[in-house]
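S.K.: my questions are about this predicted structure, shown below with the sequence.
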Amino acid sequence: MRIKKKRAPFFGGWQELMTLAWPLIISSSSFAVLNFCDRLFLSWYNEDAFRASLPAGVLFFTLVCGFMAVAGFANTFVAQMWGANDREGCAKATAQSILFSGLSFFLLLLLVPVGLQLLRLSGHAPNVLLMEERYFRILMWSGSGMVLSSAIGSFFSGRGKTFIIMGCNIAANAVNILLNYLLVFGKGGFPEMGIDGAGWASVIGAWISPLILVAFYFSKHNRREFNTLKMLRYNSVLFRRLIRFGVPAGVEWFLDVAAFTIFVLVLGRIGEIAHIASNIALSINLIAFMPMIGLGMAASILVGQYLGRDDSKNAQRIGWLAFRIGLSYVALIGITFLLFPIFYAKAFTGHLSSSVSLNELMHTVRILLAILAFWGFADATALTLSGALKGAGDTHFVMRFRLIVSWGILVPAQFLIVVVLKKGVFASWACTLFYITILAIGFILRFRSNRWKQIDLLDRKNRQKTIIPYEV
């Protein structure tokens with residue numbers, strides 16, 4: 001008697017990963033292009049506006065990113081439910097995230113005074129601080145649009161429909177870039193608004209994407225196949241699980257970005273050259289950083305889908321594959337940072353005032369780009385493997401680890417180096433490089449440990465014991 005061999009689980013490998021990832025990479029890269037153009041236009045317009053754009057913009061994102069992470073965590077629920085062939089479950093999970101994004105609108109407005117006070121504590125020059133405050137106030141009106149986009153986008157990205165995400169983001173960011181140019185410089189009949197124009201362009205762009213996604217989400221096809229309209233209601237079980245697993249993801253992202261924001265704010269205390277050079281280098285680094293966000297999202301989605309099919313072995317394989325692809329990309333970008341630093345820097349330095357020593361500025365930017373060439377390896381590691389861990393629902397570890405490293409190492413060290421010891425910009429950057437390296441090592445060890453495989457995100461064990469449908 002012949003024994004029929006069990007078919008091995010399907011593993012799509014790099015083709016499956018990149019088919020899913022490249023629209024997300026292009027989507028996140030479009031944000032890199034947007035932020036690059038935003039800061040580039042402001043560097044052409046006014047030196048103070050350029051200096052104000054990074055601290056205010058990073059602080060704004062710090063206050064918004066936690067809400068985006070909670071709303072976007074529906075991505076993991078959708079991925080695992082899609083893997084388990086639960087179509088209505090996909091819509092139910094997305095609905096809880098949409099409801100959460102509505103709540104975020106009021107919470108974000110309450111954070112405006114907090115952000116303004118933090119800017120005033122930075123010690124920046126009064127003329128720069130005034131622009132930072134105006135820019136920050138305007139940007140906060142775009143926050144809930146970004147949260148809603150994360151919520152509805154989870155319905156598509158969790159099922160691997162990343163082309164829709166890409167198309168919406170490219171359209172929104174293209175409008176944003178065009179309005180940036182028109183409103184900053186007063187072109188095409190628009191008033192010249194400077195940094196205020198850049199802010200209002202961002203607000204308009206931030207609301208375009210979720211409005212397009214809403215139209216797709218409630219399309220006739222999705223209403224019929226997923227019951228998206230009928231499922232748009234509060235579900236206590238799913239909402240609690242979204243909060244239980246999503247809030248740690250939101251706190252983790254907030255703590256990481258907040259720690260980085262402190263790094264950006266203290267740079268302004270070192271001096272004008274350090275402030276401008278750091279703004280330039282960090283703007284250039286978006287080329288390496290933002291695509292890794294897309295790759296990390298793809299790793300999170302596929303890990304979730306494989307675990308939804310109860311295939312932890314291939315979930316692990318896809319995580320390591322994303323890690324290797326990420327390192328290969330940042331290696332190529334890092335080489336260009338080392339070989340062509342002047343090419344990158346000249347895009348921002350053509351309109352700077354004569355009070356700034358151009359030779360000293362270029363020298364500083366060159367060294368910072370060299371640091372970024374090595375920084376990218378740790379960044380890619382942290383983004384891809386933390387994404388894979390979050391796809392498994394291992395959000396509590398990611399949150400605790402980032403809390404310990406960012407607020408136990410980076411923040412105290414930055415205050416010690418810059419405020420107490422009065423060290424320069426290179427010491428501050430070296431400290432941040434050390435912090436990111438520790439993060440990368442920690443996520444490597446965690447992913448290797450396999451503890452994330454034991455997490456039951458969808459509570460399958462209890463559902464099977466009680467035989468109660470999930471839509472309780």
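M.R.: Looks like it came in fine. Numbers count the residues shown, from 1 in each chain.
S.K.: list the contacts for Phe155?
M.R.: Applying C-beta atoms under 8 Å, 6 or more residues apart in numbering to Phe155 gives the contacts Ala74, Val78, Cys90, Ala91, Thr94, Tyr217, Phe226, Thr228. (C-beta placed from N, C-alpha, C; glycine too.)
S.K.: closest one of these to Gly246?
M.R.: Ala74 (7.5 Å; C-beta to C-beta).
S.K.: state the distance from that closest one to Leu383.
M.R.: Distance, Ala74 to Leu383, by C-beta to C-beta, to the nearest Å: 20 Å.
S.K.: neighbour count: those two, which is higher?
M.R.: Neighbours were counted for Ala74 and for Leu383 using other C-beta atoms under 10 Å; Ala74 has more, 31 against 27.
S.K.: pretty sure Ser30 is touching Ile170, no?
M.R.: Yes - under the contact definition of C-beta atoms under 8 Å, Ser30 touches Ile170, with a separation of 5.1 Å.
S.K.: where's the closest residue to Gly13 other than its chain neighbours relative to Asn314, distance?
M.R.: Leaving aside its sequence neighbours, Gly13 sits nearest to Leu321 (C-beta to C-beta, 6 or more residues apart in numbering; 7.0 Å). Using C-beta to C-beta, Leu321 is found at 10 Å from Asn314.
S.K.: run through the stretch 201-350 of the chain and note the low-pLDDT ranges.
M.R.: 349-350 (pLDDT under 70).
S.K.: where exactly do the helices run in it?
M.R.: Ranges of helices in the stretch 201-350 of the chain, per DSSP state H, counting those that start in this stretch, are 220-226, 236-270, 272-308, 312-339, 341-349.
S.K.: right, so of those helices, which gets closest to Ile204?
M.R.: Once the helices of the stretch 201-350 of the chain are compared by C-beta to C-beta, helix 272-308 is nearest, at 20.7 Å.
S.K.: which strands and helices lie in contact with that closest one?
M.R.: helix 13-45, helix 47-72, helix 74-83, helix 236-270, helix 312-339, helix 341-349, helix 358-391, helix 425-449 (3 or more C-beta pairs under 8 Å, 6 or more residues apart in numbering; DSSP states H and E).
S.K.: of those helices, which stretch is the most buried?
M.R.: helix 74-83 (a mean of 28; mean count of other C-beta atoms under 10 Å).
S.K.: outside of that one, which residues touch it?
M.R.: 87, 89-90, 93-94, 96-97, 151, 153-155, 157-160, 238, 241-242, 245-246, 297, 300-309, 390-391, 393, 457-458.
S.K.: from these, list the buried ones, please.
M.R.: Among the contacts of helix 74-83, those classed as buried by 16 or more other C-beta atoms under 10 Å are 87, 89-90, 93-94, 96-97, 151, 153-155, 157-160, 238, 241-242, 245-246, 297, 300-309, 390-391, 393, 457-458.
S.K.: and stretch 165-173, what's its mean pLDDT?
M.R.: Regarding stretch 165-173, the rounded mean pLDDT is 90.
S.K.: got it, and stretch 47-55?
M.R.: Taken as a whole, stretch 47-55 has a mean pLDDT of 85.
S.K.: residues in contact with it?
M.R.: The contact list for stretch 47-55 (C-beta under 8 Å, 6+ apart) reads 38-39, 42-43, 119, 122, 124-125, 127-129, 131-132, 135, 194-195, 198, 261, 264-265, 268, 275-276, 278-279, 282-283, 348, 351-353, 356.
S.K.: residues contacting Phe415?
M.R.: Here Phe415 is in contact with Val266 (C-beta under 8 Å, 6+ apart).
S.K.: and if we set it to 10 Å?
M.R.: Phe415 makes contact with Ile262, Val266, Leu421, according to C-beta atoms under 10 Å, 6 or more residues apart in numbering.
S.K.: is it possible to get TSV of the helices and strands packed on helix 272-308 that adds distance to His221?
M.R.: Formatted as TSV, the helices and strands packed on helix 272-308 follow (distance: least, C-beta to C-beta, whole Å):
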stretch	distance to His221
helix 13-45	19
helix 47-72	23
helix 74-83	16
helix 236-270	23
helix 312-339	28
helix 341-349	44
helix 358-391	26
helix 425-449	37
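S.K.: count the neighbours of the residue lying closest to Val214 once chain neighbours are set aside for me.
M.R.: Spatial nearest neighbour of Val214, excluding adjacent residues (C-beta to C-beta, 6+ apart): Ile152 at 6.3 Å. Neighbour count for Ile152, taken as other C-beta under 10 Å: 29.
S.K.: with Thr228 instead?
M.R.: There are 24 residues near Thr228, going by other C-beta under 10 Å.
S.K.: can you check Asn450 too?
M.R.: For Asn450, the count of nearby residues is 10 (other C-beta under 10 Å).
S.K.: that one contacts Gln316, correct?
M.R.: Yes - with contacts defined as C-beta atoms under 10 Å, Asn450 counts as touching Gln316 at a distance of 7.3 Å.
S.K.: hang on, the earlier thing: let's have the helices of the stretch 201-350 of the chain in a markdown table, adding distance to Ala430.
M.R.: As requested, those are exported to a markdown table (distance: least, C-beta to C-beta, whole Å):
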| stretch | distance to Ala430 |
| --- | --- |
| helix 220-226 | 50 |
| helix 236-270 | 12 |
| helix 272-308 | 13 |
| helix 312-339 | 16 |
| helix 341-349 | 18 |
